[in-house]
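Chemist: I'd like to go over a predicted model; first the sequence, then the structure.
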Amino acid sequence: MSSAGANAGSSLGNMVKDSAKVVGGLGDALRGNINSFADSAVDQTPKAHHNAVTGTTATTTTGTSGVVSRSAETGDETAAHGADKFKEGLDGLHAHGRR
């Protein structure tokens, strides 16, 4: 493939990747905001407050594994990461337009 053809293919690939970041970031931001709203609307129990403060949840299972602890990203954190990804994708698309 010629150098111009290789550059065009690489540029197109980067534009697709940056577009995916924009769409993914927008989706994460929307999901995070919805989750934050839902959490604030229904999570008024002391356990919910503890989970929000510590960022963890504990789920009891009926198998031999007992209690499973996992980290939980808050809706606000998800929204912030989505906004960052969205901006990163837009910045990449703007950079491709300047070439």
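Modeler: Alright, I've got the coordinates. Numbers count the residues shown, from 1 in each chain.
Chemist: what about the helices in this protein?
Modeler: Taking DSSP state H as the criterion, the chain carries its helices at 3-42, 46-54, 75-97.
Chemist: out of those helices, deepest packed?
Modeler: Most buried of the helices of the chain by mean neighbour count (mean count of other C-beta atoms under 10 Å) is helix 75-97; its value is a mean of 16. Heads up, the C-betas are built off the backbone N, CA and C, glycines and all.
Chemist: So what angle separates the directions of that one and helix 3-42?
Modeler: 160 degrees (axes from the mean of the first three to the mean of the last three C-alpha atoms, to 10 degrees).
Chemist: Which neighbouring elements make contact with helix 75-97?
Modeler: Applying 3 or more C-beta pairs under 8 Å, 6 or more residues apart in numbering; DSSP states H and E, one finds that helix 75-97 contacts helix 3-42.
Chemist: average pLDDT across the helix it packs on?
Modeler: Mean pLDDT, helix 3-42: 87.
Chemist: Next: stretch 86-99.
Modeler: Rounded mean pLDDT across stretch 86-99 is 86.
Chemist: now what about it, what contacts it?
Modeler: If you take C-beta atoms under 8 Å, 6 or more residues apart in numbering as the criterion, stretch 86-99 is touched by 11, 14-15, 17-26, 29.
Chemist: Quick one: those as JSON lines, columns for distance to residue 92 too.
Modeler: Putting the contacts of stretch 86-99 into JSON lines (distance: C-beta to C-beta, whole Å) gives the following:
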{"residue": "11", "distance to residue 92": "11"}
{"residue": "14", "distance to residue 92": "7"}
{"residue": "15", "distance to residue 92": "8"}
{"residue": "17", "distance to residue 92": "7"}
{"residue": "18", "distance to residue 92": "3"}
{"residue": "19", "distance to residue 92": "9"}
{"residue": "20", "distance to residue 92": "10"}
{"residue": "21", "distance to residue 92": "7"}
{"residue": "22", "distance to residue 92": "9"}
{"residue": "23", "distance to residue 92": "13"}
{"residue": "24", "distance to residue 92": "13"}
{"residue": "25", "distance to residue 92": "11"}
{"residue": "26", "distance to residue 92": "14"}
{"residue": "29", "distance to residue 92": "17"}
